[in-house]
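Chemist: Only the shape, not the letters, is given here:
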């Protein structure tokens, strides 16, 4: 016989209250999940239609002939000696570029994190300019410095174009800001008192740094290294301009097979290889970012920066300034100088020539100067698209969740590493039939540019959204505000600056998108990067000077955008 336990006074009421709280929690969890899925719907649809569908279409077109799959073509391409040479060069130049970038940029990351000096904000914007420039402009800058008739050729008779050294230096130039912002952003938030405590306990300066600071920085260094590897592994514009016919990455090989040889099966196989490599790199990157977010206690960056103290620190500061001057400022300055150095001396001859279509030697159907207006209009629309899609995606990712959301986060990064050539050509193949017959529409260009802008919007807005105190949202919800009103009246005022910064980055990277745009920009509506590449592809002093002039204009627009961002930006965490 089982004896029933007497019920204490009020116990039934407590039990009922507990059940009601559990029910409310379950209901709130279901509503939160439904809201998250609703926020993810638009980004997922956008990526499905304008990323997955075009890529799948071109791969299918290449591997399926006469209604039958030709999977044997994969083995044929992968065992071809020419393919193996391309794979080998793609991998080793990416590894070499990553190692060289880390060696050159890590001292700069320390200086930006720990030192406070006049002009720091301006210098921070300057080192970021190369990253938002199109790779074709980076190639143009180094061509003006290292190529035939370049500065080194005139002074000492030294030419490095069509050499691997020019490619490696251009990659360091392009990716310097990735290391400075990713590693330096975390370094500025590490509490220096931990290293000081180790030294008080008897550790040397080197030992304290190796045992305390380096383990904390390791995830950020790994994340920066993986991003640099990703960008150099998929390098296109730099290799096209500086590598010549001798060197080709997978991206360049895909372009040649697609646009020049019309060999879609080979291009499809190379696309799959690159896609697999990029997916592996992004998975590693996501893991390192999660380690960095969960394992460290960070402090306000404003408390860690000090004026340099002692000869060693001043020497380090001046050394970093010298590297920035030689590696970043000099190529950009030479670009400007070449744009002004006309056949009759210094002046605006090349800029004046941009106003006439007749002077372009049949390269364009319109005056090249119109490329400036085209690029600005396309980039403006692309920024709107990227903000809409990226903003919804960042809101969906605000609260950490399981594998589904982490997979969604990785999906948003895929366009940064997937062949832009494949995406652009896929647009032409896939989006040419109702209900998405967009092949002749101008909107194709900003849509392709928005694919590249979305990851920057997400990476810029997400740290700020996660920093918003969730209790503010809960208080608003308790007072009866709908989820949309909570977002409008709580989140949006707090992240207004982040939205502006995200818009600036999206605009800058959209302005410089080249790989996809080169396929889909109409001849009568070229963008600045496409116009620059076409000028560089033609012989003659005039077309070379016009390419330098357009590159200078694009550089100044990007630099102006970054300077404006530095003035409105308050949050220094995150990668960008």
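Modeler: Sure, I can see it. Since this is a predicted model, take the numbers as computed values, not measurements.

Chemist: which residues of the stretch 301-450 of the chain fall in strands?
Modeler: Secondary structure of the stretch 301-450 of the chain (DSSP state E, counting those that start in this stretch): strands at 341-342, 345-346, 432-433, 436-437.

Chemist: could you redo those as a markdown table and give each row distance to residue 460?
Modeler: (C-beta placed from N, C-alpha, C; glycine too.) Formatted as a markdown table, the strands of the stretch 301-450 of the chain follow (distance: least, C-beta to C-beta, whole Å):
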| stretch | distance to residue 460 |
| --- | --- |
| strand 341-342 | 38 |
| strand 345-346 | 40 |
| strand 432-433 | 34 |
| strand 436-437 | 30 |
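
Chemist: what's the closest of those to residue 135?
Modeler: strand 341-342 (23.8 Å; C-beta to C-beta).

Chemist: contacting residues around the closest one?
Modeler: Residues from elsewhere that reach strand 341-342, judged by C-beta atoms under 8 Å, 6 or more residues apart in numbering: 348-350, 545.

Chemist: Next, give me the two most distant ones among those.
Modeler: 348 and 545 (10.5 Å).

Chemist: out of those two, which sits in the more crowded spot?
Modeler: residue 545 (22 against 12; other C-beta atoms under 10 Å).

Chemist: Isn't that one up against residue 351?
Modeler: No: Residue 545 is not in contact with residue 351 according to C-beta atoms under 8 Å; the separation is 9.0 Å.

Chemist: Show me where the stretch 51-200 of the chain dips below the pLDDT cut-off.
Modeler: Regions of the stretch 51-200 of the chain meeting the criterion pLDDT under 70 cover residues 66, 157-158.

Chemist: any idea where the helices of it begin and end?
Modeler: 53-63, 72-78, 81-114, 120-132, 135-146, 151-156, 164-187, 192-200 (DSSP state H, counting those that start in this stretch).

Chemist: Summarise which helices and strands the longest one is packed against.
Modeler: What it means is helix 81-114. helix 120-132, helix 164-187, helix 214-233, helix 250-255, helix 264-295, helix 311-324 (3 or more C-beta pairs under 8 Å, 6 or more residues apart in numbering; DSSP states H and E).

Chemist: ok, now with 10 Å
Modeler: Applying 3 or more C-beta pairs under 10 Å, 6 or more residues apart in numbering; DSSP states H and E, one finds that helix 81-114 makes contact with helix 72-78, helix 120-132, helix 164-187, helix 214-233, helix 250-255, helix 264-295, helix 311-324.

Chemist: got it, and the last one?
Modeler: Counting contacts by 3+ C-beta pairs under 10 Å, 6+ apart, the secondary-structure elements packed against helix 192-200 are helix 205-208.

Chemist: what about the helix it packs on, average pLDDT?
Modeler: For helix 205-208, the mean per-residue pLDDT is 74.

Chemist: Sort out which residues of it are buried, please.
Modeler: Neighbour counts over helix 205-208 (16 or more other C-beta atoms under 10 Å) mark residue 208 as buried.

Chemist: Give me the residues contacting it.
Modeler: With contact meaning C-beta atoms under 10 Å, 6 or more residues apart in numbering, helix 205-208 is reached by 194-202, 214.

Chemist: what separates stretch 317-328 from the chain centre, distance-wise?
Modeler: 23 Å (C-alpha atoms, centre = their mean, to the nearest Å).

Chemist: how about low-confidence regions in this protein?
Modeler: Using pLDDT under 70, the flagged stretches of the chain are 1-33, 66, 157-158, 288-303, 357-365, 399-406, 467-470, 494, 566-576.

Chemist: about what we covered before: TSV for the helices and strands packed on helix 81-114, including distance to residue 44 and mean neighbour count?
Modeler: What follows is these, written out as TSV (distance: least, C-beta to C-beta, whole Å; neighbours: other C-beta atoms under 10 Å):
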stretch	distance to residue 44	mean neighbour count
helix 72-78	29	14
helix 120-132	27	20
helix 164-187	27	24
helix 214-233	23	21
helix 250-255	26	26
helix 264-295	17	19
helix 311-324	41	14
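
Chemist: Make a markdown table from those and add distance to residue 101 to it.
Modeler: As requested, these are exported to a markdown table (distance: least, C-beta to C-beta, whole Å):
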| stretch | distance to residue 101 |
| --- | --- |
| helix 72-78 | 29 |
| helix 120-132 | 11 |
| helix 164-187 | 5 |
| helix 214-233 | 5 |
| helix 250-255 | 18 |
| helix 264-295 | 15 |
| helix 311-324 | 12 |
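
Chemist: wait, which of those is closest to residue 109?
Modeler: helix 164-187 (3.7 Å).

Chemist: Which elements pack onto that closest one?
Modeler: Short answer (3+ C-beta pairs under 10 Å, 6+ apart): helix 164-187 packs on helix 81-114, helix 120-132, helix 135-146, helix 214-233, helix 237-238, helix 264-295, helix 311-324, helix 330-340.

Chemist: For those, give me a markdown table that also has distance to residue 457.
Modeler: Shown next, in a markdown table, are these (distance: least, C-beta to C-beta, whole Å):
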| stretch | distance to residue 457 |
| --- | --- |
| helix 81-114 | 24 |
| helix 120-132 | 14 |
| helix 135-146 | 21 |
| helix 214-233 | 17 |
| helix 237-238 | 23 |
| helix 264-295 | 17 |
| helix 311-324 | 28 |
| helix 330-340 | 26 |
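
Chemist: Please name whichever of those helices is nearest to residue 499.
Modeler: Between the helices and strands packed on helix 164-187, helix 120-132 lies closest to residue 499; by C-beta to C-beta that is 17.9 Å.

Chemist: just checking, what packs against the closest one?
Modeler: Helix 120-132 packs on helix 81-114, helix 135-146, helix 164-187, helix 311-324, helix 330-340, helix 496-511, helix 541-568, going by 3+ C-beta pairs under 10 Å, 6+ apart.

Chemist: quick one on the thing from earlier: compare the helices of the stretch 51-200 of the chain and give me the one nearest residue 356.
Modeler: Of the helices of the stretch 51-200 of the chain, nearest to residue 356 by C-beta to C-beta is helix 135-146, at 21.4 Å.

Chemist: just checking, what packs against that closest one?
Modeler: Counting by 3+ C-beta pairs under 10 Å, 6+ apart, helix 135-146 packs on helix 120-132, helix 151-156, helix 164-187, helix 237-238, helix 330-340, helix 528-536, helix 541-568.

Chemist: distance between that helix and the chain's centre?
Modeler: 19 Å.

Chemist: Figure out which of the helices and strands packed on helix 135-146 is closest to residue 396.
Modeler: Going by C-beta to C-beta, the one of the helices and strands packed on helix 135-146 nearest residue 396 is helix 164-187, 23.5 Å.

Chemist: what angle do that closest one and helix 541-568 make?
Modeler: 10 degrees (axes from the mean of the first three to the mean of the last three C-alpha atoms, to 10 degrees).

Chemist: between helix 164-187 and helix 330-340, what angle do the directions make?
Modeler: 120 degrees.

Chemist: what ranges do the helices span in the stretch 301-450 of the chain?
Modeler: Using DSSP H, counting those that start in this stretch, helices in the stretch 301-450 of the chain cover 311-324, 330-340, 349-353, 370-396, 403-417, 420-430, 444-467.
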